[in-house]
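Participant: Dropping the sequence and predicted coords here.
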Amino acid sequence: MNKVQIFTNGLVKENPVLRLVLGTCPTLAVTTMAFNGLGMGIAATFVLFCSNIAISLLRNVIPDKVRLPAYITVIATFVSIVQMLVKAYVPALDKSLGVFLPLIVVNCIILGRAEMFASKNKPLDSALDGLGMGLGFTLTLVLMGSIREILGSGTWFGMTVIPASIDRFTFMTTPAGGFFTFGCLMALVIFIENKTGNKKERSIGCEGCPSKSVCGAKGGCE
């Protein structure tokens, strides 16, 4: 796989949210507004990028038996940096994201890429993988946030785009609206896959899970 393929893999082909169905908790929780989705996406991208590089550099040093605690320690370090920066310079975003910002530490996208890619590849490739996956995650959050904010609040990044005389579809700002939007985007991705002949084979159970090696399941979910 060349450098361009590594970078673009997370944008479309293996988009962490719409293709691998990872990180759905923050995806559904913070996308009531496009600004929140952008903020969460940038924060996760920074952590993915930095942690992938650090773990790749340390891949021959970290003992196999303690690799997961070591990965979490590395990830938590960068999450703490992001959290302090957001609190200092974008307090409104920190308030909007709430607990989901520190919970980036246990985001399965980040831990999964650390285990599946960064621990097996060189720093440059790992940096490109983290950046691509992070941008794919960010684009999905911004898209979902834009749809929900425009239809539910009549605004986009705080700017009014639907006149006040038109009723808002407030259902879109509720948790159910998040699930609805997510389901529609997933259906759209599958439709495009079928039309373009790029259908991705999906398996049920641990054998088809991209994070199988992280949780340690062997043949069945535990």
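Facilitator: Now that the structure is in, tell me what you want to look at. Numbers count the residues shown, from 1 in each chain.
Participant: Can you pull the poorly scored residue ranges out of this structure?
Facilitator: Residue ranges of the chain with pLDDT under 70: 1, 197-222.
Participant: what about 50?
Facilitator: Low-confidence segments of the chain, defined by pLDDT under 50: 203-205, 207-208, 210, 219-222.
Participant: ok, the residue most central in space within the chain to Thr73 distance?
Facilitator: Nearest to the mean C-alpha position of the chain, counting by C-alpha atoms, centre = their mean, stands Phe137 at 3.9 Å. Distance from Phe137 to Thr73, counting by C-beta to C-beta, to the nearest Å: 22 Å. All C-beta atoms are positioned from the backbone trio N, CA, C, and that covers glycine.
Participant: Dihedrals phi and psi, Thr155?
Facilitator: As for Thr155, its main-chain torsions (degrees, to the nearest 10) stand at phi -130, psi 170.
Participant: do the same with Met159
Facilitator: Met159 adopts backbone torsions of phi -90, psi 130, taken as degrees, to the nearest 10.
Participant: Could you pull out the helices in the chain for me?
Facilitator: Applying DSSP state H to the chain gives helices spanning 3-8, 24-30, 34-57, 67-89, 91-97, 108-116, 123-153, 175-196, 212-215.
Participant: List phi and psi for the residue of the chain positioned farthest from its centre.
Facilitator: Distance from the C-alpha centroid of the chain peaks at Ser165, with 35.7 Å (C-alpha atoms, centre = their mean). When read as degrees, to the nearest 10, the backbone of Ser165 gives phi -70, psi -20.
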